[in-house]
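how would this look folded up:
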Amino acid sequence: MRKKTIHQDRYYADVIPGLEKNAWRDIEEKLIEVELLEREWGRIYFSYSGDPGNLLHLRCVDRIYIHIRTMTGVTRSRKSLGDIFRQVRSLDLLAYSMIHKNAHRSKGKKNLTFRVYSTMDSRHNFRRIDAQKSVESAIMRNYKWKMDIQNPTIEFRIDLKNEKAIFGLKLIDEHERTEKYKIAHLPASLKPTLAYCMCLMSEPSPMDVFVDPMCGAGTIPMERTYAGPYKTLIAGDVEEGIIHTARENIESSRRNIYLGVWDVNAIPLTANSVDKVVCNLPFGKKIGSHLQNEEMYPDFFREMNKILKSGGMMVLLTSEKQLILGVLGNYKNMNLRQINEINLLGTQAFIFVITVF
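Predicted coordinates:
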């Protein structure tokens, strides 16, 4: 069977829904010979003709895939399963697997193993798993690759969306990037990709005195080290046990971040000494409650107003939009520059970018 020509420069990336523009700005800054093809809620499609290994270092996206094909004409009928099978069989998947291999600079296993991940966002007279099995069958018909659900060499993905089926090969996900430093975890811990994007929103500067006053597992200050040069990084939280977790992660990375145990309504930092504050505030769901936030948020703003320099900036994540707006209205020297609405694992949340003057 004759194989179709491969498009080696087409990729797509899954991003936190609501941060597509932020992620694309970072991609444009990090890569050359890159072009935006399409942007949709939670995903960016782009072309890139450079070394695919460079894509492994992007911290603003959750997962990156080699875009193999967008299959059109998918109907509700089960006949579409046969169409998917035949189209996958027509592809030179070995060539795509070589892109993956070259990106990771790996010699690779003699015999590749694979798995297929599938999603379905539209109505069909077949199940998501049926489409997945069509892909699996087509791959095993063409190649001597074995399926390995637990630890495959490569992972394919097929997403069914109305009359389309997007077929790709995963290049990297966020777990592969962060496992080097995130060895300890806490409930409601922030995703590293989100922490990184928030740090970028703070407009990183080499002269930054940067503070995360509620640092949890230390994800935000750790991601700030990847966002550019800085002068000083400081992080703290209310309990020694929480700081112990952050210290484990920070020490594993060998980064120089000052840690302290403090109450957010009495932070032991000099007045007008901080340039940037980036913080994941309690949502009042997994941790705390709305009533507790009504008491804590005003205390938090009072302390930030004290420690931030004129010209300083805050980037705050919360689901408590109205509460933040109400507290912010009490400060004439604070300007709300931007609100980004995002979807965080099914929860509506907001990123506030606030400047102090």
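
quick one: stretch 217-237 to chain centroid distance?
Average the C-alpha atoms of stretch 217-237, do the same for its chain, and the two points are 17 Å apart (Cα atoms, centre = their mean, to the nearest Å).

mind listing what's buried in that stretch?
Residues of stretch 217-237 classed as buried by neighbour count (16 or more other Cβ atoms under 10 Å): 217-227, 230, 233-237. Yep, even glycine has a C-beta here, placed from its N, CA and C like the rest.

what about the closest residue to residue 288 other than its chain neighbours, which helix or strand?
Once flanking residues are discounted, residue 288 sits nearest to residue 282: 4.4 Å by Cβ to Cβ, 6 or more residues apart in numbering. For residue 282, there is no enclosing helix or strand under DSSP states H and E.

just to revisit the earlier point, return the subset of the buried residues of stretch 217-237 lying in strands.
Judged by DSSP state E, the subset of the buried residues of stretch 217-237 located in strands is 233, 234, 235, 236, 237.

Nearest residue to residue 170 in space, please, no chain neighbours.
In space, residue 170 is closest to residue 155, 4.4 Å off (Cβ to Cβ, 6+ apart).

Look up which residues are beta-bridged to the residue lying closest to residue 336 once chain neighbours are set aside.
Computed as Cβ to Cβ, 6+ apart, the closest residue to residue 336 that is not its neighbour in sequence is residue 354, at 5.7 Å. Beta bridges link residue 354 to residue 314, residue 336, judged by DSSP bridges.

Output the ones in strands among the buried residues of stretch 217-237 in JSON lines; the columns should cover distance to residue 274 and pLDDT.
Shown next, in JSON lines, are these (distance: Cβ to Cβ, whole Å; pLDDT from 0 to 100):
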{"residue": "233", "distance to residue 274": "11", "pLDDT": "98"}
{"residue": "234", "distance to residue 274": "8", "pLDDT": "98"}
{"residue": "235", "distance to residue 274": "12", "pLDDT": "98"}
{"residue": "236", "distance to residue 274": "12", "pLDDT": "98"}
{"residue": "237", "distance to residue 274": "16", "pLDDT": "97"}
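
which secondary structure elements does the helix or strand of the chain with the lowest mean pLDDT contact?
Of all helical and strand segments in the chain, the minimum by mean pLDDT, DSSP states H and E falls on helix 174-178, at a mean of 74. Judged by 3 or more Cβ pairs under 8 Å, 6 or more residues apart in numbering; DSSP states H and E, helix 174-178 is in contact with helix 192-201.

follow-up on the earlier one: assign a three-state SS to the residue nearest to residue 170, would you?
What DSSP: H, G, I helix; E, B strand; the rest coil gives for residue 155 is strand.

for it, what are its contacts?
114, 115, 116, 117, 169, 170 (Cβ atoms under 8 Å, 6 or more residues apart in numbering).

So it versus residue 125, what's the distance?
From residue 155 over to residue 125 the distance is 27 Å, taken as Cβ to Cβ, to the nearest Å.

swap in residue 342?
Noted for residue 342: a distance of 34 Å to residue 125, by Cβ to Cβ.

Over to residue 160?
12 Å.

next one: residue 22
Distance of residue 22 to residue 125, computed by Cβ to Cβ: 39 Å.

Give me the more crowded residue out of these two.
Neighbours of residue 22 and residue 125, each counted by other Cβ atoms under 10 Å, are more numerous for residue 22; the result is 20 against 12.

Surely the more buried one forms part of a helix?
Yes. The assignment for residue 22 (three-state DSSP) places it in a helix.

same for the helix or strand where residue 322 lies, what does it pack against?
Secondary structure assignment for residue 322, by DSSP H and E: helix 321-328. Contact analysis of helix 321-328 by 3+ Cβ pairs under 8 Å, 6+ apart lists helix 290-307, strand 334-344, strand 347-356 as its packing neighbours.

who touches the most centrally placed residue in the chain in this structure?
Taking Cα atoms, centre = their mean as the criterion, residue 193 is the residue nearest the geometric centre of the chain, at 3.2 Å. The contact partners of residue 193, by Cβ under 8 Å, 6+ apart, come to 15, 16, 59, 60, 61, 62, 174.
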